[in-house]
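Visitor: Here is my input, please return the structure:
(one chain, ligands or ions: 1)
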Amino acid sequence: MKRAFKYRFYPTPEQAEQLSRTFGCVRLVYNKALEERTRAFRTDGRKVSYLQSSAALTAWKRTEELGFLNEVSCVPLQQALRHLQAAFANFFAKRARYPVFKSRKRSRASAEYTRSAFRWSGGTLTLAKMDTPLDIVWSRPLPNRAKPSTVTVSKDAAGRWFVSILVEHEIVPLPSVEAAVGVDVGIAELATLSTGEKIDNPRCERADRRKLAKAQRALARKGKGSNNRAKARTAVARIHARIGDRRRDHLHKVTTRLVRENQVIAVEDLSVRNLVRNRSLARAVSDAGWRELRTMLSYKSAWYGRELLIVDRWCPSSKRCSECGAVAESMPLRLRQWSCVCGASHDRDVNAARNILAAGLVER
Ligand SMILES: [Zn+2]
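Guide: I've put the predicted structure just below:
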């Protein structure tokens with residue numbers, strides 16, 4: 001199984017310069033190839049293949065105005081064409097929308113290096129066109145004897161540099177356990193379990209949000225194109241980055257624990273779109289990041305030999321009594337506790353989590 005390990009690194013000024021130039025060339029090649037493919041498709045309904053794009057790239061490099069493409073490693077440029085090819089394949093298979101141009105401001109700057117474009121030896125990583133290895137912060141070790149197959153370098157809006165290293169990784173399934181759990185993804189809490197446990201959203205999130213709002217107000221006051229505006233924009237990006245990091249970190253801990261402790265995990269197949277229609281929920285839903293939670297549960301279950309059950313979203317999980325099966329007529333969101341005609345009293349979310357688990361086991 002291939003697995004990516006991501007680290008921060010601190011480039012030398014020369015490396016930063018080389019990488020920034022590479023990012024620019026990657027973006028240019030991607031956009032130019034997209035433009036040509038679009039023209040071919042719109043004007044004469046012709047599909048352009050990867051090989052044709054690749055031949056065009058070779059021709060561009062020979063022209064005077066695009067000769068600077070030769071100053072960066074050719075591999076990230078080829079990879080950009082492969083990514084474009086994949087984007088078109090997804091579009092033609094109706095899995096994705098028509099590919100869009102990469103923007104200098106809005107797209108994440110990145111460059112992908114395959115095996116021939118980097119040197120990996122003695123735990124150091126040196127990219128093509130560079131004399132010195134990257135100064136990587138090894139926040140966690142790469143697996144023993146790992147052989148990187150692809151390396152992706154990127155820079156986020158907060159100005160932080162990252163390297164993502166793809167390695168072949170053998171994952172040993174966890175010993176099987178008896179426990180099964182239902183997970184109700186919530187608004188007040190991140191999640192409620194059928195065991196009755198409530199899992200909170202990451203701590204500091206609220207304080208971070210306040211800081212973010214303040215930084216955004218400061219940014220709005222700065223004059224367009226000013227130096228101070230650029231600084232304020234970086235400040236906003238830094239806070240965004242920190243919120244994202246903390247949330248992801250928290251979700252990793254939660255999902256790893258759920259997968260470790262349970263053989264079977266049942267979650268509801270909620271559609272974000274349904275929830276987002278209700279504006280008051282929109283913020284909370286995106287905050288909880290439950291889409292990410294579900295993704296993590298899904299791949300971690302696969303890694304460790306666990307079973308993830310996705311329950312149909314129309315099952316009335318909040319309205320049904322998990323003791324007797326009676327369905328209550330209405331269940332407004334503000335109602336956190338309720339009692340059933342059978343005499344059972346329920347915490348709304350725990351009851352829902354129990355129903356999700358039961359429904360998952362039935363559907364299986
Ligand atoms: Zn009941």
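Visitor: okay, and the helix or strand of this protein with the least pLDDT?
Guide: Taking mean pLDDT, DSSP states H and E as the measure, the helices and strands of the chain show their lowest mean at helix 272-276, namely a mean of 49.
Visitor: Quick one: residues in contact with the helix or strand that contains residue 183.
Guide: Secondary structure here is read from DSSP states H and E; on that basis residue 183 sits in strand 180-185. For strand 180-185, the external contacting residues (C-beta atoms under 8 Å, 6 or more residues apart in numbering) are 191-195, 258, 261-268, 270, 288, 290, 293-294, 297, 317, 349-350, 352-358, 360-361. (Each C-beta comes from the backbone N, C-alpha and C, glycine too.)
Visitor: Next, the nearest residue to residue 148 once chain neighbours are set aside: secondary structure please.
Guide: Nearest non-adjacent residue to residue 148, counting by C-beta to C-beta, 6 or more residues apart in numbering: residue 165, 4.8 Å away. Recorded secondary structure, residue 165: strand (DSSP: H, G, I helix; E, B strand; the rest coil).
Visitor: One more: residue 111?
Guide: Reducing the assignment at residue 111 to three states with three-state DSSP gives strand.
Visitor: Just the pLDDT at the closest residue to it other than its chain neighbours, thanks.
Guide: Leaving aside its sequence neighbours, residue 111 sits nearest to residue 76 (C-beta to C-beta, 6+ apart; 3.8 Å). Here the pLDDT value assigned to residue 76 is 97.
Visitor: quick check, residue 76 in a strand?
Guide: No - going by three-state DSSP, the assignment for residue 76 is helix, not a strand.
Visitor: Identify the residues contacting residue 360.
Guide: The contact partners of residue 360, taken as C-beta under 8 Å, 6+ apart, are 182, 264, 266-267, 309-311.
Visitor: chain center to stretch 162-181: distance?
Guide: Going by C-alpha atoms, centre = their mean, to the nearest Å, the spacing between the C-alpha centre of stretch 162-181 and its chain's C-alpha centre is 18 Å.
Visitor: Tabulate the CA atom coordinates of it in PDB.
Guide: Extracted in PDB, the C-alpha atoms of stretch 162-181 (Å, rounded to 0.1, in the frame of the first residue of the first chain):
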ATOM      1  CA  PHE A 162       5.900  21.100   2.900                       C
ATOM      2  CA  VAL A 163       7.200  18.000   1.400                       C
ATOM      3  CA  SER A 164       5.000  15.000   1.000                       C
ATOM      4  CA  ILE A 165       6.800  11.700   0.500                       C
ATOM      5  CA  LEU A 166       5.000   8.700  -0.900                       C
ATOM      6  CA  VAL A 167       6.300   5.400   0.200                       C
ATOM      7  CA  GLU A 168       5.400   1.700  -0.200                       C
ATOM      8  CA  HIS A 169       4.200   0.800   3.300                       C
ATOM      9  CA  GLU A 170       3.100  -2.500   4.700                       C
ATOM     10  CA  ILE A 171       0.300  -2.100   7.200                       C
ATOM     11  CA  VAL A 172      -0.400  -4.900   9.700                       C
ATOM     12  CA  PRO A 173      -4.100  -5.300  10.500                       C
ATOM     13  CA  LEU A 174      -5.000  -4.900  14.100                       C
ATOM     14  CA  PRO A 175      -6.000  -8.000  16.100                       C
ATOM     15  CA  SER A 176      -9.800  -8.300  15.800                       C
ATOM     16  CA  VAL A 177     -12.000  -7.100  18.700                       C
ATOM     17  CA  GLU A 178     -15.600  -7.700  19.600                       C
ATOM     18  CA  ALA A 179     -16.800  -4.100  20.000                       C
ATOM     19  CA  ALA A 180     -19.100  -2.300  17.500                       C
ATOM     20  CA  VAL A 181     -19.900   1.400  17.700                       C
END
